[in-house]
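Q: show me how the following folds:
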Amino acid sequence: FSLFPTGHRYISQAAAKIDVDFDYDGPLMKTEVPGPRSRELMKQLNGIQNAEAVHFFCNYEESRGNYLVDVDGNRMLDLYSQISSIPIGYSHPSLIKLLQQPQNLSTFVNRPALGILPPENFAERLKESLLSVAPKGLPQVITMSCGSCSNENAFKAIFMWYRSKERGHNNVTKEELESCMINQPPGCPDYAMLSFMGGFHGRTMGCLATTHSKAIHKLDIPSLDWPIAPFPRLKYPLEDFVKENQQEEARCLEEVEDLIVKYRKKKKIVAGIIIEPIQSEGGDNHASDDFFRKLRDIARKVIKYFTVHSLVAKHEIICSCLQILPLPPLWSFTSLLISSWDSYVHRWVKTILEEEGLGKGNFCLTYLFFRSFCNYKQIESVCKFQCVNKTMKRADALILRM
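A: Now for the predicted structure:
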């Protein structure tokens, strides 16, 4: 197998210089990795906490652009990007300038609890940042502090919505209020989220129940009895295996529907589905747009609700998966091409959650106004330098050579 056609020599060319010239011109290695200084610091940290996951220690003062510098002076091209949370590189001038502006100090110093005591310009900042690149049809945004709590609160929103629909116009009962305090129904209904093998959605308790990528993440941790469906394993090239792939997707969809029915018979209601359009940590696994449309139809028919945990970016043009997928009621954005927004895009019927006080206090969102400031500048830079378009062109070029 060759990435490039026979007889073709692909020569990488440096990107054109732009007016933000803050990047290094290439990697520079001085020691092995981890180097002696990193190993010394690992010993120190191991005396304080378990540091087995640490690869090396970093010199963030010297890291710039796409290059991460470690404490031993090694300069490396960083494709990890802090779990995709620094989309415009290290020490970007626009972010440094933002942090140095005196009018922003009060926000950085006081770290407001946004769900209760937001600053005056909070709504304006959300409109300028996240909502300026939100998918059409998703006009509301709720900021969270990480990808896992984004999904956890999505689960809560789905369960609250589902129970509100079941309850109808009836008030919350005394039995519900009392039983929920001891984790029992009817106050804590026996609902479930359906997930897929190979998916990764986080490591908190609820998210871990829907994560099935690596055993080490789940080992020794108690979990929930929630259904797990197979994710399609397609054969390539696609044009040579059309029939086989259709059969594989049909098999997975049939299993989804069977699981929902099976769990309902066990008195456990599947209230939502969570899925990655393109799996990553669990393997580079894709499914067709037809698969997702049919999955949406099953959700509408059987459980009436659908959520997607997606790794996509959005400006004017986005990844192909968002262009072809049916728009779900909830869409989680975490490690994005544009930004690790640490946010959650919600579209729900607000009146349902607010009836009888439902929803009040359930999503008291805090401590991310700093992110809103940074998002604004990150998105501005991404748009200014057409980062999404350039990424899509490079992806297309890579796919054509496969």
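
Q: how about Ile142, secondary structure?
A: Under DSSP: H, G, I helix; E, B strand; the rest coil, Ile142 falls in the strand class.

Q: residue ranges of the strands in this structure, please?
A: When assigned using DSSP state E, the strands of the chain occupy the ranges 67-69, 75-77, 140-143, 191-196, 228-229, 269-273, 307-310, 330-335, 340-346.

Q: ok, now how distant is Gln246 from Pro232?
A: Gln246 sits 10 Å away from Pro232, going by Cβ to Cβ, to the nearest Å. C-beta: built from backbone N, CA, C; applies to glycine.

Q: longest helix of this structure?
A: With secondary structure taken from DSSP state H, the chain has its longest helix at helix 242-265.

Q: rounded mean pLDDT for it, please.
A: Across helix 242-265, pLDDT averages out at 96.

Q: buried sites along that helix?
A: By neighbour count on 16 or more other Cβ atoms under 10 Å, the buried set for helix 242-265 is Asn245, Glu248, Glu249, Cys252, Leu253, Glu255, Val256, Glu257, Leu259, Ile260, Tyr263.

Q: got the angle between it and strand 269-273?
A: Comparing the axes of helix 242-265 and strand 269-273 via axes from the mean of the first three to the mean of the last three Cα atoms, to 10 degrees yields an angle of 140 degrees.

Q: so Gly202 makes contact with Leu208?
A: Yes - here Gly202 reaches Leu208: they are 6.9 Å apart, a contact under Cβ atoms under 8 Å.

Q: hang on, the earlier thing: can you put the buried residues of helix 242-265 in JSON lines and add distance to Ala271?
A: Below are these laid out as JSON lines (distance: Cβ to Cβ, whole Å):
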{"residue": "Asn245", "distance to Ala271": "30"}
{"residue": "Glu248", "distance to Ala271": "27"}
{"residue": "Glu249", "distance to Ala271": "24"}
{"residue": "Cys252", "distance to Ala271": "20"}
{"residue": "Leu253", "distance to Ala271": "19"}
{"residue": "Glu255", "distance to Ala271": "18"}
{"residue": "Val256", "distance to Ala271": "14"}
{"residue": "Glu257", "distance to Ala271": "15"}
{"residue": "Leu259", "distance to Ala271": "13"}
{"residue": "Ile260", "distance to Ala271": "10"}
{"residue": "Tyr263", "distance to Ala271": "10"}
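
Q: so which of those comes closest to Lys156?
A: Tyr263 (19.4 Å; Cβ to Cβ).

Q: burial check on Glu40, number of neighbours?
A: 13 (other Cβ atoms under 10 Å).

Q: please apply the same query to Glu175.
A: 12.

Q: same thing with the one 3 residues further on?
A: The tally of other residues near Glu178 (other Cβ under 10 Å) stands at 12.

Q: residues in contact with it?
A: Counting by Cβ atoms under 8 Å, 6 or more residues apart in numbering, Glu178 makes contact with Gly187.

Q: quick check: it vs Gln184, distance?
A: For Glu178, the distance to Gln184 (Cβ to Cβ) stands at 9 Å.

Q: hey, where'd the helices end up in the stretch 101-250 of the chain?
A: Per DSSP state H, counting those that start in this stretch, the stretch 101-250 of the chain carries helices over the ranges 105-110, 122-128, 147-167, 174-179, 205-209, 215-218, 242-265.

Q: off-centre distance for the first one?
A: The reference is to helix 105-110. 27 Å (Cα atoms, centre = their mean, to the nearest Å).

Q: packing partners of that helix?
A: Counting contacts by 3 or more Cβ pairs under 8 Å, 6 or more residues apart in numbering; DSSP states H and E, helix 105-110 is packed against helix 369-384.

Q: the second one now?
A: Using 3+ Cβ pairs under 8 Å, 6+ apart as the contact criterion, the elements in contact with helix 122-128 are helix 369-384.

Q: for the helix it packs on, what is the average pLDDT?
A: Mean predicted lDDT for helix 369-384 stands at 60.

Q: one step back: relative to Val69, which of the helices of the stretch 101-250 of the chain is closest?
A: helix 105-110 (24.8 Å).

Q: one step back: neighbour count winner among Gly202 and Leu208?
A: A direct count of neighbours by other Cβ under 10 Å for Gly202 and Leu208 places Gly202 higher, at 22 against 19.
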